[in-house]
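[1] pasted the sequence and its predicted model underneath.
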Amino acid sequence: MAAPALKHWRATLERVEKFVSPRYFADCNLRGRLLGDTCPLAALSSFLTPDRLPYPEAVRQHFRPAQVGDSFGPTWWTCWFRVELTIPEAWVGQEVHLLWESDGEGLVWRDGQPVQGLTKEGEKTSYILTDKLEEGDPRSLTLYVEVACNGLLGAGKESMIAAPDPEKMFQVSRAELAVFYRDVHSLLVDLELLLGIAKGLGEDNQRSFQALYTANQMVNVCDPAQPETFPVAQALASRFFGQRGGESQHTIHAVGHCHIDTAWLWPFKETVRKCARSWTTAVQLMEQNPDFVFACSQAQQLEWVKSHYPGLHARLQEFACRGQFVPVGGTWVEMDGNLPSGEAMVRQFLQGQNFFLQEFGKMCSEFWLPDTFGYSAQLPQIMRGCGITRFLSQKLSWSLVNSFPHHTFFWEGLDGSRVLAHFPPGDSYGMQGNVEEVLKTMVKNRDKGRTNHSAFLFGFGDGGGGPTQTMVDRLKRLHNTDGLPRVQLSSPGRLFTALEGDSGQLCTWVGELFLELHQGTYTTHAQIKKGNRECERILHDVELLSSLALARGAQFLYPAAQLQDLWRLLLLNQFHDVVTGSCIQLVAEEAMCHYEDIRSRGNTLLSAAAAALCMGEPGPEGLLIVNTLPWERTEVLALPRSGGAHSLALVTVPSMGYAPAPAPTSLQPVQPQQPVFVVQETDGSVTLDNGIIRVRLDPTGCLTSLVLVASGREAIAEGAVGNQFVLFDDVPLYWDAWDVMDYHLETRKPVLGQAGTLAVGAEGGMRGSAWFLLQISPNSRLSQEVVLDVGCPYVRFHTEVHWHEAHKFLKVEFPARVRSPQATYEVQFGHLQRPTHHNTSWDWARFEVWAHRWMDLSEHGFGLALLNDCKYGASVRGSVLSLSLLRAPKAPDASADMGRHEFTYALMPHKGSLQDAGVIRAAYSLNFPLLALPAPGPAPAAAWSAFSLSSPAVVLETVKQARGGGGAGRAGQAGQRRVRPPPRPPAPHPLPRRRRAARRAARWCSGCTRPTAATWTAGCARRCRFRRRSCAWGPAGGGSPALPCPALPCPALPLRGPHAAASPVLQLRPPGAARPCRPPALSGRPSEAHLFSLPSAVPAAGAGARPHRDPAPGVVSVEGFGGSWLLPPLLNNKPVTQEPRHSSACALPQGLSSGGRGAGTIGA
């Protein structure tokens, strides 16, 4: 009698495991028969270089004989191998591979083209020379293998995230030819999947027993030494996998993917080669598997490949036409989701979408950000404004405290904009196609019942590598197998289309997606964060001044190409492992060099624009004081004098304009009406008072009192001191540069100053100050000047730190005499509120959060704002405002944050709400100082303003030349308030009823072809809400009345939610023009758009903006270039019930010349 097929579950399971094991019984099991005969190489030679040479140059070098096992290096060098081989004649009819195993990453070159990556960690250790050697085929061949002296994840010493080992040596441990048996490979895939099903479904599942029974039978009939037995075993597997599932099976969309960090544990230049290694392999898979789809993000990486590997780029374009290579993401790099400014995020999409459109013929509809450290609440509106309606990520699965409740949902931003979001339920972007991952994707899906589709991203990632043929084979086997979810080789588009079909059942998440981990990235590498903030400011200023110079003089050449280069360089360094500081020292040094390049070239462009604005002939040097913000500013400025000295002057500069500097003879101190008083008491304390606020510092430099003079309200908590520096132990669980854990708060140690170190600096008048020294530790020290200027509503703290610590965290605290359950933090183009209490685990997990230029704690009638010029980490616990200053992690960069730092923060007590008190404007002013620019020739005698706004509720954020030569701007609601639409005057002509909408692309503010904008061919039934302001709604000088907009989708698209703020796109065009320029037609829903005409002439220098009648309360107008325009409604016409939470867009003219007209666009 035959033995039972299943005698014991565990024993049978292990029997099958040993039959496919690469470790046990390989001399007689199936795995040991995967390769047949082997043959040594005919010759192997190499040369070593510290440079990354292009192929034509490398093959001309002198190669020396080499042997398997030879060492080469050190880290970051490159070893080129010349591989000469001859395939034995006896192997005719066989599949022949080059076997290559090395601890360095390799790239095979054949006939002068890269053809495949070789990475042991990425399971790519062989290259197919021929899938079947035919009679007459050439059997001798010379290949080149370019081996980088680093692994898939860098070259960390002793651990992955440790600093790279600079002396590490590498070797090739295997290099030979071998016969590869494809039928054995196929049986191994079947048996591994059967084992996975048996384990994954468990002993209580009938299908699990069937899988194990089938595997056991296959072992019984398969004799590894007799290939003729293989078809019988294969038939058993085919019968099992051929049993189909029901119609209700969950569908998994398997998409090939290769996440490559643009820089992380390796430098930028190595990423270029990682792309080539990974994508050549993907091309090979696309050739062999017509149904395989590969999704690729990050335009910067594709641009690198285009420059360095044009042949590979052409192949990618070819497969993109076939639908197998799918560009995704729409951004220049996969940037950090928290720290870049709103404008920088817009530029990520601008540069990315335009690159994809130019190189691949279409823009992306999905934002692809699988690996970043949090997601700003402003992203949905920015996405929608850039033609993105879908979002994919998975990093939130890393949250340490709370599990996010959804995998498929609508994500709603600050203004009510929504995008369809999907997080792969397998919680990874590097799946390998095994049964365990497939089952996890189905079982862990938190939206089962709402949708029956999930993403499955497979392929080695982070350091590249990508999918393998084995992964593809596994997923094909599981296409439709009973007991498992249905698996489709799919694309992101097909996935989201399926999800949209189930969208009626989906939930909505409102606000930020906060990652409860990696909160140290808001502070690590402070110099990188300072460089990022400064370069964002410089590019803002260059674009504004260049635009004004262009508008003032047709001879000025707008530096569009230079600005694009600088923006792309800045965007590159906003990659999520660079701006966050979680990178190796080599990358940090490269980033600092990039920032210095932007500063240098940006300042040169600033000087050129200032010279053009002056329009003077060379002569005695003048000085131009420039204000790049859209409101008039009166501030104290240090102006240069002869001999290198400086003198203080109180200057007033109009909105987005300039004023001449006071003559040197007038730089003598002039006592203002309300000067700053400085008093040092006998106990060593110092009081600074400018009539707006009164500051009192104790003898150690701590802030004991901050009084709002008008109300007499004290801002510092009773019995406490502000400006208190505190030191924490900072030892996370693993991710050193990334994480700060909640338990660090238990190690708080105040840094106590020494009495008597406080001294008076500036003695009053225009400026008063006091300074002190503070010894933080035996190794670190701090000096600070506390400054109060005349007329300034905040006190500044100019700080210099010499920091030499290990695993310490420095913060500064301000206990406020304010009580509120929520604090407000600035984010991109707006702000949001977070709790100050710890009622729930969700609240406690936000023990360290991020903000941009300010945070505010307010109760009814009073508040305290903390401003900064280059910091991001922050928190408000109870009534204590805390700003994170410096960390000292030791991995992956042991030198992170070591050295000298300079930064400024400021404290502003205020009456009323932060909006009414001008906190937002104050933070802008701190970050955008007045510019004192030398002018060739005499400086203009009169002040001049390009633009002004009638409402403090709007910030004119960006002014630039649109792509194609028009003008553009972007504005936001400073306080996220509702702005009342202007009154509707009678229309001079009746408007026809809305007819069909012509889907046309409209150019938005940054010049990108915007798929969501559209114009209407026949107007609409509503009256135009955006008109040129002039007498009788016609031209100021008479003539024909201004007609209503012929292309006006007024507020025809209602916004969602009580907090909604619109994102109108305003197009500028010359008077009489029938329609704006028409870029290539694209699909997408219409969005609010308004057209208006620009004036025909520009006011002369010094004329300024023409005064106008004040609009009705709540109505906003833009003044400039001889005209005035009313903004369209920034919100839908609903009763004001609650303050909205977002900023949006408006317009201004640009690109004008004397006697001419300009056309441009604007948008969110």
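    Structure's in. What do you need?
[2] out of all of them, which strand in the protein is the longest?
    In the chain, assigned by DSSP state E, the strand with the most residues is strand 899-911.
[3] how about that one as PDB, C-alpha atoms only?
    Output of strand 899-911 as PDB, limited to C-alpha atoms (Å, rounded to 0.1, in the frame of the first residue of the first chain):
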ATOM      1  CA  GLY A 899      30.800  74.000  13.100                       C
ATOM      2  CA  ARG A 900      29.600  77.500  13.000                       C
ATOM      3  CA  HIS A 901      25.900  78.600  12.500                       C
ATOM      4  CA  GLU A 902      24.200  81.900  12.100                       C
ATOM      5  CA  PHE A 903      20.500  82.400  12.200                       C
ATOM      6  CA  THR A 904      17.800  84.800  13.300                       C
ATOM      7  CA  TYR A 905      14.500  84.300  15.000                       C
ATOM      8  CA  ALA A 906      12.100  87.000  16.200                       C
ATOM      9  CA  LEU A 907       9.200  87.300  18.800                       C
ATOM     10  CA  MET A 908       6.100  89.300  18.000                       C
ATOM     11  CA  PRO A 909       3.300  90.000  20.600                       C
ATOM     12  CA  HIS A 910       0.200  91.200  19.000                       C
ATOM     13  CA  LYS A 911      -3.300  92.300  19.600                       C
END
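[4] what is that strand packed up against?
    Under the contact definition 3 or more C-beta pairs under 8 Å, 6 or more residues apart in numbering; DSSP states H and E, strand 899-911 sits against helix 526-552, strand 703-708, strand 795-803, strand 862-868, strand 880-887, helix 914-917, helix 919-927. For glycine as for every other residue, the C-beta is placed from the backbone atoms N, C-alpha and C.
[5] compute the inter-axis angle for the last one and strand 862-868.
    Here helix 919-927 runs at an angle of 30 degrees relative to strand 862-868 (axes from the mean of the first three to the mean of the last three C-alpha atoms, to 10 degrees).
[6] so what's the residue most central in space within the chain up against?
    With distances taken as C-alpha atoms, centre = their mean, the residue of the chain nearest its centroid is Met335 (2.2 Å). Taking C-beta atoms under 8 Å, 6 or more residues apart in numbering as the criterion, Met335 is in contact with Ala344, Met345, Gln348, Leu369, Thr372, Leu571, Gln574, Phe575, His576, Val579.
[7] look up how far Gln217 lies from the fifth one.
    Going from Thr372 to Gln217 by C-beta to C-beta, to the nearest Å gives 48 Å.
[8] one more: the first one?
    Ala344 is 61 Å from Gln217, where distance means C-beta to C-beta.
[9] those two: which has the busier surroundings?
    Using other C-beta atoms under 10 Å as the criterion, Ala344 and Gln217 rank with Ala344 on top: 23 against 16.
[10] sec struct for the more buried one, please.
    helix (DSSP: H, G, I helix; E, B strand; the rest coil).
[11] wait, it sits on Leu571?
    Yes: proximity of Ala344 to Leu571 meets the contact threshold set by C-beta atoms under 8 Å, at 6.7 Å.
[12] angle of the longest helix anywhere in the chain against helix 526-552?
    Looking across the chain with DSSP state H, the single longest helix is helix 585-614. Interaxial angle of helix 585-614 relative to helix 526-552 (the same axes, to 10 degrees): 20 degrees.
[13] who does helix 585-614 touch, helix- and strand-wise?
    helix 526-552, helix 560-572, strand 622-627, strand 931-935.
[14] in TSV, list those along with distance to Ser102 and mean neighbour count.
    Below are the helices and strands packed on helix 585-614 laid out as TSV (distance: least, C-beta to C-beta, whole Å; neighbours: other C-beta atoms under 10 Å):
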stretch	distance to Ser102	mean neighbour count
helix 526-552	33	24
helix 560-572	30	19
strand 622-627	57	22
strand 931-935	54	20
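[15] out of the ones you listed, which gets nearest to Arg33?
    helix 560-572 (48.5 Å; C-beta to C-beta).
[16] and the angle for the closest one with helix 585-614?
    Here the directions of helix 560-572 and helix 585-614 differ by 150 degrees (the same axes, to 10 degrees).
[17] tell me the helices and strands packed up against helix 560-572.
    Using 3+ C-beta pairs under 8 Å, 6+ apart, helix 560-572 is in contact with helix 299-308, helix 342-360, helix 526-552, helix 585-614.
[18] got a list of contacts for it?
    262, 268, 300, 332-333, 335, 344, 347-348, 351, 532, 535-536, 539, 542-543, 546, 578, 594, 597-598, 601-602, 605, 960-961, 963.
[19] now which of the contacts of Met335 would you call buried?
    Among the contacts of Met335, those classed as buried by neighbour count (16 or more other C-beta atoms under 10 Å) are Ala344, Met345, Gln348, Leu369, Thr372, Leu571, Gln574, Phe575, His576, Val579.
[20] partner residues bridging His97?
    Judged by DSSP bridges, the bridge partners of His97 are Ile128, Ala178.
[21] count of residues packed around it?
    Residues near His97, counting by other C-beta under 10 Å: 20.
[22] which residues does it contact?
    Contacts for His97 (C-beta under 8 Å, 6+ apart) come out as Leu35, Ser126, Tyr127, Ile128, Leu129, Leu177, Ala178, Val179, Phe180.
[23] report how many residues lie close to the last one.
    Which is Phe180. Using other C-beta under 10 Å, the number of residues around Phe180 comes to 18.
[24] can you name the residues that contact it?
    Leu34, Leu35, Gly36, Gln94, Glu95, Val96, His97, Ser126, Ile128.
[25] so which of the residues you listed is the closest to Ser21?
    Leu34 (12.0 Å).
[26] so the closest one makes contact with Tyr181?
    Yes: look at Leu34 against Tyr181 with C-beta under 8 Å: they come within range, at 6.1 Å.
[27] and the residue lying closest to Arg641 once chain neighbours are set aside, what helix or strand is that in?
    Excluding its sequence neighbours, the residue lying closest to Arg641 (C-beta to C-beta, 6 or more residues apart in numbering) is Ser647, at 5.4 Å. According to DSSP states H and E, Ser647 maps onto strand 646-653.
[28] kindly report the same for Asp37.
    Here Asp37 sits within strand 35-40, counting by DSSP H and E.
[29] then Gln784?
    Assessed by DSSP H and E, Gln784 sits inside strand 781-789.
[30] can you pull the buried residues of that strand?
    Going by 16+ other C-beta under 10 Å, strand 781-789 has these buried residues: Leu782, Gln784, Glu785, Val786, Val787, Leu788, Asp789.
[31] to Glu902, which of the helices and strands packed on strand 899-911 lies closest?
    In terms of C-beta to C-beta, the element of those nearest to Glu902 is strand 795-803, at 5.2 Å.
[32] please enumerate residues in contact with the closest one?
    Residues outside strand 795-803 that contact it (C-beta under 8 Å, 6+ apart): 688, 693, 695, 706, 723, 776, 780-789, 810, 812, 885-886, 888, 897-908, 926.
[33] sweet, I'm off.
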